[in-house]
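K.L.:
below are the sequence and a predicted model; questions follow.
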Amino acid sequence: MKKIRYILPLVVLLASLLFASLALADNGPHSQDKMSDPEHCTLCHRSHSSAGPGLLRESQNLAAFCYTCHGRDRSGAATNVQDGRYSNGEGLRGGGFEQAVMDPGLTGTPSSKKVTSAHSVDSSLVRAWGGGDISSTPDYGNLIALDCTSCHNPHGNGTYRMLRPRPKGMFNEENAEPVVVPDEDSPTYTITYDETTHYRDTSYVPENLDKWCAQCHTRYLAGPEAGHTPSGDAIFNFRHPTEGLPGGCLACHVAHGTTATVGEYGGAVNLPDGTSGGGASDSRLLHTDGRGVCLQCHSASSLTQN
């Protein structure tokens, strides 16, 4: 009986350490060191009584399944990507898929609002604008059925945010050279707001994230002279430089979803296929209102001096 008395506190301690690691450790239960312990498999899978494909324990669509840990009713994860907030209430750097805690007006006070644009995670077919090679005939990009695992490896792979070196459904997926994005030593998931930096601090962004994003948005990867040199593409001819840009794509965009709104002119800009702009709902993952991302690099005073 004495042995049992000592064993029970040990079990409780180990359980508490497990759930603490789910909330705090980088990559949580998905990280590679956890995969050597098959006990962690039962968090998501059932061997003979699974309700969903892939032996998942529930039959929900994949995004809803991921939300059981990473949603508003989450348990075991500090990152609520459904509402774009961390467990302490602060906004996630990637925004959110349904709501997001952001400050797109650069007021210094973030607030939670419904997103105006977001990457799709419901497995419906969406256009990967710019996907594909330079083409002299109009080609807007290939169609992809996105879900959470299109970009992330749920079993962990030691990369930044568990990003797949080759996202599922990307252009030329089978033959493309993989882009491995290095992980952070001390990961930080939330945005720090103050009167000067807001979204301008992209020091946390890995150097090659631009190349990773370009695996789906191929023709958006453009060098320093791309704004003055034609690419020869029928649609994506002159392009804003992205290759080597500090922060890469995240200098202007968020990864999941944004609450930013656009003005009269920005909301009227057509999509690459000529479809009319959708007004405020056409924020295109930009993290600042009214295309304010432009002024984060190009100040108004500098534009009027030449």
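P.N.:
Received, thanks. Bear in mind the structure is a predicted one, so any value in this text is a computation, not a measurement. Numbering: from 1, shown residues only.

K.L.:
Leu106 and Ala78, how far apart?
P.N.:
Going from Leu106 to Ala78 by CB to CB, to the nearest Å gives 26 Å. Where C-beta positions appear, they are placed from N, C-alpha and C, glycine not excepted.

K.L.:
try His152
P.N.:
Taking CB to CB, one finds His152 at 16 Å from Ala78.

K.L.:
please apply the same query to Gly292.
P.N.:
As judged by CB to CB, Gly292 and Ala78 stand 29 Å apart.

K.L.:
I'd say Pro29 and Cys41 touch.
P.N.:
No: at 9.4 Å, Pro29 does not count as touching Cys41 under the criterion of CB atoms under 8 Å.

K.L.:
and those two? Which one has more around it.
P.N.:
Taking other CB atoms under 10 Å, Pro29 and Cys41 do not tie; Pro29 has more neighbours (23 against 15).

K.L.:
which residue packs closest to that one, ignoring adjacent ones?
P.N.:
Using CB to CB, 6 or more residues apart in numbering and skipping the chain neighbours, the partner closest in space to Pro29 is His40 (5.0 Å).

K.L.:
helix, strand or coil for the one you found?
P.N.:
Classification of His40 by DSSP: H, G, I helix; E, B strand; the rest coil places it in helix.

K.L.:
local confidence estimate at it?
P.N.:
For His40, the pLDDT comes out at 76.

K.L.:
which stretches of the stretch 51-200 of the chain form helices?
P.N.:
Counting by DSSP state H, counting those that start in this stretch, the stretch 51-200 of the chain has helices at residues 62-70, 148-151.

K.L.:
and the shortest one, what does it pack onto?
P.N.:
Put plainly, it is helix 148-151. Secondary structure elements in contact with helix 148-151, counted by 3 or more CB pairs under 8 Å, 6 or more residues apart in numbering; DSSP states H and E, are helix 62-70.

K.L.:
buried stuff in the helix it packs on?
P.N.:
Leu62, Ala63, Phe65, Cys66, Tyr67, Thr68, Cys69, His70 (16 or more other CB atoms under 10 Å).

K.L.:
counting by contacts, list what that helix packs against.
P.N.:
Using 3+ CB pairs under 8 Å, 6+ apart: helix 62-70 touches helix 148-151.

K.L.:
model confidence over the helix it packs on, on average?
P.N.:
Helix 148-151 shows a mean pLDDT of 95.

K.L.:
hmm, Phe238 is touching His228, no?
P.N.:
Yes: with contact defined as CB under 8 Å, Phe238 reaches His228; the gap is 7.3 Å.

K.L.:
which of these two has more residues huddled nearby?
P.N.:
Taking neighbours as other CB under 10 Å, Phe238 and His228 compare with Phe238 leading, 12 against 8.

K.L.:
got a list of what the more buried one touches?
P.N.:
Ala226, Gly227, His228, Thr229, Pro230, Ser231 (CB atoms under 8 Å, 6 or more residues apart in numbering).

K.L.:
from the residues you listed, which is closest to Leu245?
P.N.:
Ala226 (10.8 Å; CB to CB).

K.L.:
my read is that that closest one contacts Pro241, right?
P.N.:
Yes: assessed by CB under 8 Å, Ala226 is found in contact with Pro241 at 5.4 Å.

K.L.:
who has more neighbours, those two?
P.N.:
Remark: of Ala226 and Pro241, Ala226 carries more neighbours, 20 against 15, as counted by other CB under 10 Å.

K.L.:
per-residue pLDDT, Glu225?
P.N.:
pLDDT, Glu225: 95.

K.L.:
now do the same contact list for the residue nearest the centre of the chain.
P.N.:
By CA atoms, centre = their mean, the chain has its centre lying nearest to Ala255, at 3.0 Å. Shown in contact with Ala255 (CB under 8 Å, 6+ apart): Arg93, Gly94, Gly95, His119, Leu285.

K.L.:
and the two most separated of those?
P.N.:
Largest separation among those by CB to CB: Arg93 and His119, giving 14.1 Å.

K.L.:
any regions of the chain where pLDDT drops low?
P.N.:
Low-confidence segments of the chain (pLDDT under 70): 1-28, 32-36, 194-198, 300-306.

K.L.:
per-domain residue ranges of it.
P.N.:
What the record gives for the chain is the domain set 1-59, 80-303, from automatic domain parsing.

K.L.:
the chain: strands as residue ranges?
P.N.:
Applying DSSP state E to the chain gives strands spanning 79-80, 85-86, 99-102, 111-114, 117-118, 125-127, 143-145, 257-258.

K.L.:
compare the ones you listed and give me the one nearest Pro187.
P.N.:
Closest of those to Pro187 is strand 79-80, at 10.2 Å (criterion: CB to CB).

K.L.:
ok, that closest one: who's next to it in the sheet?
P.N.:
Strand 79-80 has its sheet partners listed here by DSSP bridges as strand 85-86 (antiparallel).
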